[in-house]
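Student: Give the three-dimensional model of this entry:
(one chain, ligands or ions: 2)
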Amino acid sequence: MIISPSILSADFSKLKKEIKRVNQAKFLHIDVMDGVFVPNISFGAKIVKEIRSHFDMIFDTHLMIIDPIKYIKDFAEAGSDYITFHFEANSSVEDCIKEIRKYKCHPGISIKPKTDVKEIVPYLKDVELVLVMSVEPGFGGQKFMPSAIDKIKELVKLREENNYTYLISVDGGINDKTILDVANAGVDISVLGSYLFKLPRANKEIKKFNRL
Ligand code: DX5
Ligand code: ZN
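Tutor: Numbers count the residues shown, from 1 in each chain. Ligands and ions are numbered 1, 2, ... in the order given. Okay, here's the model as predicted:
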(Lines give C-alpha, C1' and ligand atoms only; values in the text may rest on other atoms or scores of the structure.)
(Ligands and ions follow the chains in the order given, each with its own letter.)
Protein backbone atom coordinates (compact mmCIF):
# COMPACT_ATOMS: atom_id res chain seq x y z
CA MET A 1 0.00 0.00 0.00
CA ILE A 2 1.29 3.43 -0.93
CA ILE A 3 0.47 6.14 1.62
CA SER A 4 -0.10 9.68 0.42
CA PRO A 5 -0.38 12.09 3.40
CA SER A 6 -2.71 15.01 2.69
CA ILE A 7 -1.07 18.22 3.85
CA LEU A 8 -4.47 19.86 4.14
CA SER A 9 -4.55 18.50 7.70
CA ALA A 10 -1.05 19.78 8.58
CA ASP A 11 -0.38 22.82 10.75
CA PHE A 12 0.47 25.38 8.02
CA SER A 13 2.38 27.60 10.44
CA LYS A 14 5.09 24.90 10.51
CA LEU A 15 4.52 23.10 7.25
CA LYS A 16 8.11 21.92 6.69
CA LYS A 17 8.25 20.32 10.13
CA GLU A 18 4.86 18.73 9.58
CA ILE A 19 5.90 17.16 6.27
CA LYS A 20 9.07 15.80 7.92
CA ARG A 21 6.78 13.93 10.31
CA VAL A 22 5.29 12.01 7.34
CA ASN A 23 8.35 11.71 5.09
CA GLN A 24 8.37 7.89 5.24
CA ALA A 25 5.48 8.01 2.78
CA LYS A 26 6.27 7.54 -0.89
CA PHE A 27 3.70 10.13 -2.04
CA LEU A 28 2.62 13.53 -0.74
CA HIS A 29 -0.98 14.56 -1.44
CA ILE A 30 -1.47 18.24 -2.20
CA ASP A 31 -5.08 19.49 -2.09
CA VAL A 32 -5.74 22.58 -4.18
CA MET A 33 -9.16 24.17 -3.62
CA ASP A 34 -10.60 27.26 -5.28
CA GLY A 35 -13.75 28.02 -3.27
CA VAL A 36 -15.85 27.46 -6.42
CA PHE A 37 -15.55 23.79 -7.35
CA VAL A 38 -15.56 23.09 -3.60
CA PRO A 39 -16.74 25.38 -0.79
CA ASN A 40 -13.25 25.94 0.61
CA ILE A 41 -9.96 27.61 -0.41
CA SER A 42 -6.58 26.04 0.34
CA PHE A 43 -3.44 27.29 -1.46
CA GLY A 44 -1.82 27.74 -4.86
CA ALA A 45 1.28 26.75 -6.83
CA LYS A 46 3.72 28.91 -4.85
CA ILE A 47 3.32 26.66 -1.79
CA VAL A 48 3.91 23.56 -3.93
CA LYS A 49 7.11 25.04 -5.37
CA GLU A 50 8.46 25.90 -1.96
CA ILE A 51 7.72 22.46 -0.50
CA ARG A 52 9.33 20.89 -3.59
CA SER A 53 12.69 22.43 -2.75
CA HIS A 54 12.79 20.51 0.56
CA PHE A 55 11.27 17.09 -0.17
CA ASP A 56 11.76 14.38 -2.76
CA MET A 57 8.51 12.46 -2.25
CA ILE A 58 6.26 11.94 -5.28
CA PHE A 59 4.00 15.00 -5.45
CA ASP A 60 0.40 13.94 -5.92
CA THR A 61 -1.46 17.17 -6.69
CA HIS A 62 -5.26 17.00 -6.42
CA LEU A 63 -6.91 19.92 -8.21
CA MET A 64 -10.37 20.64 -6.80
CA ILE A 65 -10.82 23.64 -9.06
CA ILE A 66 -13.46 24.61 -11.59
CA ASP A 67 -11.24 25.06 -14.64
CA PRO A 68 -8.17 22.87 -14.19
CA ILE A 69 -6.85 23.40 -17.71
CA LYS A 70 -5.90 26.99 -16.80
CA TYR A 71 -3.63 25.98 -13.93
CA ILE A 72 -2.02 22.68 -14.97
CA LYS A 73 1.07 24.50 -16.27
CA ASP A 74 1.57 26.31 -12.94
CA PHE A 75 1.27 23.17 -10.86
CA ALA A 76 3.49 21.18 -13.23
CA GLU A 77 6.20 23.83 -13.14
CA ALA A 78 5.91 24.03 -9.37
CA GLY A 79 7.10 20.41 -9.22
CA SER A 80 4.04 18.14 -9.26
CA ASP A 81 4.60 14.55 -10.40
CA TYR A 82 0.99 13.39 -10.68
CA ILE A 83 -1.70 15.97 -11.45
CA THR A 84 -5.25 14.84 -10.81
CA PHE A 85 -8.25 16.88 -11.94
CA HIS A 86 -11.97 16.27 -11.46
CA PHE A 87 -14.17 14.70 -14.11
CA GLU A 88 -16.94 17.02 -12.82
CA ALA A 89 -14.93 20.22 -13.44
CA ASN A 90 -15.52 22.45 -16.48
CA SER A 91 -12.47 21.71 -18.64
CA SER A 92 -12.40 19.06 -21.35
CA VAL A 93 -11.03 15.78 -19.99
CA GLU A 94 -9.03 15.09 -23.15
CA ASP A 95 -7.47 18.56 -23.08
CA CYS A 96 -6.48 18.22 -19.42
CA ILE A 97 -4.81 14.86 -20.03
CA LYS A 98 -2.93 16.30 -23.02
CA GLU A 99 -1.86 19.37 -21.08
CA ILE A 100 -0.59 17.31 -18.13
CA ARG A 101 1.45 15.10 -20.46
CA LYS A 102 2.81 18.17 -22.26
CA TYR A 103 4.56 19.09 -19.01
CA LYS A 104 5.79 15.50 -18.47
CA CYS A 105 3.54 14.86 -15.49
CA HIS A 106 1.33 11.82 -14.88
CA PRO A 107 -2.38 12.48 -15.50
CA GLY A 108 -4.97 11.47 -12.92
CA ILE A 109 -8.76 11.73 -12.98
CA SER A 110 -10.96 11.95 -9.90
CA ILE A 111 -14.65 11.26 -9.30
CA LYS A 112 -16.85 12.62 -6.53
CA PRO A 113 -19.03 10.21 -4.49
CA LYS A 114 -22.09 10.71 -6.71
CA THR A 115 -20.23 10.06 -9.98
CA ASP A 116 -20.27 6.55 -11.36
CA VAL A 117 -17.12 4.78 -12.59
CA LYS A 118 -18.98 4.16 -15.89
CA GLU A 119 -18.74 7.87 -16.69
CA ILE A 120 -14.95 7.82 -16.87
CA VAL A 121 -14.51 4.52 -18.72
CA PRO A 122 -13.63 6.26 -22.03
CA TYR A 123 -10.64 7.93 -20.35
CA LEU A 124 -9.24 5.01 -18.39
CA LYS A 125 -6.83 3.99 -21.14
CA ASP A 126 -5.21 7.43 -21.03
CA VAL A 127 -4.75 8.11 -17.31
CA GLU A 128 -2.11 6.94 -14.86
CA LEU A 129 -4.16 7.43 -11.71
CA VAL A 130 -7.83 7.25 -10.77
CA LEU A 131 -8.76 8.98 -7.53
CA VAL A 132 -11.97 7.75 -5.91
CA MET A 133 -13.38 10.32 -3.49
CA SER A 134 -14.77 8.65 -0.39
CA VAL A 135 -16.11 11.97 0.99
CA GLU A 136 -17.56 15.06 -0.70
CA PRO A 137 -14.42 17.02 -1.61
CA GLY A 138 -13.77 20.26 0.24
CA PHE A 139 -12.78 19.42 3.79
CA GLY A 140 -10.64 17.01 5.77
CA GLY A 141 -11.99 15.09 8.74
CA GLN A 142 -15.20 13.69 7.20
CA LYS A 143 -16.56 10.17 7.51
CA PHE A 144 -15.62 7.51 4.95
CA MET A 145 -18.43 6.65 2.49
CA PRO A 146 -18.46 2.86 1.95
CA SER A 147 -19.77 3.26 -1.62
CA ALA A 148 -16.11 3.87 -2.57
CA ILE A 149 -15.37 0.18 -1.99
CA ASP A 150 -17.44 -1.00 -4.95
CA LYS A 151 -15.90 1.69 -7.16
CA ILE A 152 -12.40 0.48 -6.26
CA LYS A 153 -13.37 -3.12 -7.05
CA GLU A 154 -14.88 -2.03 -10.37
CA LEU A 155 -11.68 -0.17 -11.28
CA VAL A 156 -9.55 -3.21 -10.37
CA LYS A 157 -11.75 -5.37 -12.61
CA LEU A 158 -11.66 -2.92 -15.54
CA ARG A 159 -7.88 -2.66 -15.26
CA GLU A 160 -7.49 -6.43 -15.33
CA GLU A 161 -9.89 -6.97 -18.23
CA ASN A 162 -8.34 -4.26 -20.41
CA ASN A 163 -4.69 -4.33 -19.36
CA TYR A 164 -4.87 -0.72 -18.19
CA THR A 165 -2.05 0.59 -16.04
CA TYR A 166 -3.53 3.32 -13.80
CA LEU A 167 -2.99 3.37 -10.06
CA ILE A 168 -6.15 3.40 -7.95
CA SER A 169 -6.22 5.91 -5.12
CA VAL A 170 -8.83 6.65 -2.46
CA ASP A 171 -9.30 9.95 -0.63
CA GLY A 172 -11.40 10.86 2.39
CA GLY A 173 -12.04 9.39 5.81
CA ILE A 174 -9.19 6.87 5.73
CA ASN A 175 -8.04 5.70 9.17
CA ASP A 176 -6.56 2.53 10.70
CA LYS A 177 -9.87 0.70 10.14
CA THR A 178 -11.10 1.92 6.75
CA ILE A 179 -7.60 1.42 5.32
CA LEU A 180 -8.06 -2.33 5.78
CA ASP A 181 -11.32 -2.27 3.80
CA VAL A 182 -9.82 -0.32 0.90
CA ALA A 183 -6.71 -2.53 0.94
CA ASN A 184 -8.92 -5.61 0.63
CA ALA A 185 -10.79 -3.99 -2.25
CA GLY A 186 -7.45 -3.65 -4.08
CA VAL A 187 -6.58 0.04 -3.80
CA ASP A 188 -2.95 1.04 -4.54
CA ILE A 189 -2.77 4.43 -2.79
CA SER A 190 -4.52 5.66 0.36
CA VAL A 191 -4.66 9.39 1.02
CA LEU A 192 -4.56 10.10 4.74
CA GLY A 193 -5.25 13.51 6.24
CA SER A 194 -6.69 14.15 9.69
CA TYR A 195 -6.09 10.64 11.04
CA LEU A 196 -2.38 10.77 10.24
CA PHE A 197 -1.54 14.32 11.26
CA LYS A 198 -3.21 13.84 14.65
CA LEU A 199 -0.79 11.05 15.53
CA PRO A 200 2.29 12.02 17.57
CA ARG A 201 4.38 9.48 15.60
CA ALA A 202 2.90 9.56 12.13
CA ASN A 203 5.96 8.07 10.38
CA LYS A 204 5.73 4.96 12.55
CA GLU A 205 2.14 4.38 11.44
CA ILE A 206 3.10 5.00 7.80
CA LYS A 207 5.80 2.32 7.99
CA LYS A 208 3.17 -0.09 9.31
CA PHE A 209 0.73 0.79 6.51
CA ASN A 210 3.48 0.49 3.88
CA ARG A 211 3.47 -3.24 4.62
CA LEU A 212 -0.27 -3.69 3.97
C1 DX5 B 1 -10.89 16.39 0.73
C2 DX5 B 1 -9.45 16.25 0.33
C3 DX5 B 1 -8.74 15.20 1.08
C4 DX5 B 1 -8.66 15.43 2.56
C5 DX5 B 1 -8.61 14.12 3.25
O6 DX5 B 1 -11.53 17.24 -0.12
O7 DX5 B 1 -9.34 15.95 -1.04
O8 DX5 B 1 -7.47 14.91 0.53
O9 DX5 B 1 -7.56 16.20 2.94
O10 DX5 B 1 -8.69 14.31 4.61
P11 DX5 B 1 -9.18 13.20 5.61
O12 DX5 B 1 -8.21 12.06 5.53
O13 DX5 B 1 -9.18 13.89 6.93
O14 DX5 B 1 -10.56 12.80 5.18
ZN1 ZN C 1 -7.41 15.18 -1.88
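
Student: For residue 87, give me its contacts.
Tutor: Contacts of residue 87 were listed using CB atoms under 8 Å, 6 or more residues apart in numbering, and they are 93, 109, 110, 111, 115, 119, 120, 123. Quick note: C-beta positions are derived from backbone N, CA and C, even for glycine.

Student: and the fourth one, what are its bridge partners?
Tutor: According to DSSP bridges, the residues that bridge with residue 111 are residue 132.

Student: List the residues that contact it.
Tutor: Applying CB under 8 Å, 6+ apart to residue 111 gives the contacts 86, 87, 88, 117, 119, 120, 130, 131, 132, 133, 151.

Student: Could you pick out the longest helix of this protein?
Tutor: Taking DSSP state H as the criterion, the chain has its longest helix at helix 147-162.

Student: Does the next helix or strand after that helix reach ligand 2?
Tutor: Counting by DSSP states H and E, the next helix or strand C-terminal to helix 147-162 is strand 167-171. Yes. For a cut-off given as CB under 5 Å from the ion, strand 167-171 has contacts with ligand 2, namely residue 171.

Student: For the protein, list the residues in contact with ligand 2, please.
Tutor: By CB under 5 Å from the ion, the residues of the chain that approach ligand 2 are 31, 62, 171.

Student: and those as JSON lines, adding neighbour count and pLDDT?
Tutor: Output for the residues of the chain next to ligand 2, formatted as JSON lines (neighbours: other CB atoms under 10 Å; pLDDT from 0 to 100):
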{"residue": "31", "neighbour count": "24", "pLDDT": "98"}
{"residue": "62", "neighbour count": "29", "pLDDT": "98"}
{"residue": "171", "neighbour count": "26", "pLDDT": "98"}
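
Student: dump the residue contacts of the nearest residue to residue 185 once chain neighbours are set aside.
Tutor: Leaving aside its chain neighbours, residue 185 sits nearest to residue 152 (4.1 Å; criterion: CB to CB, 6 or more residues apart in numbering). Residues near residue 152 by CB under 8 Å, 6+ apart: 132, 168, 170, 182, 185, 186, 187.

Student: can you pull the contacts of the fourth one?
Tutor: Taking CB under 8 Å, 6+ apart as the definition of contact, the neighbours of residue 182 are 134, 148, 149, 152, 170, 174, 190.

Student: Which one (most neighbours) among the residues you listed?
Tutor: When neighbours are counted by other CB atoms under 10 Å, residue 170 leads the contacts of residue 182 with 30 neighbours.

Student: is it in a bridge, and if so with what?
Tutor: Beta-bridge pairing of residue 170 under DSSP bridges involves residue 132, residue 190.

Student: any idea how far residue 43 is from it?
Tutor: 23 Å (CB to CB, to the nearest Å).

Student: Now do the same for the residue of the chain found nearest ligand 2: helix, strand or coil?
Tutor: At 3.8 Å from ligand 2, residue 62 is the closest residue in the chain, using CB to the ion. Secondary structure for residue 62, judged by DSSP: H, G, I helix; E, B strand; the rest coil, is strand.
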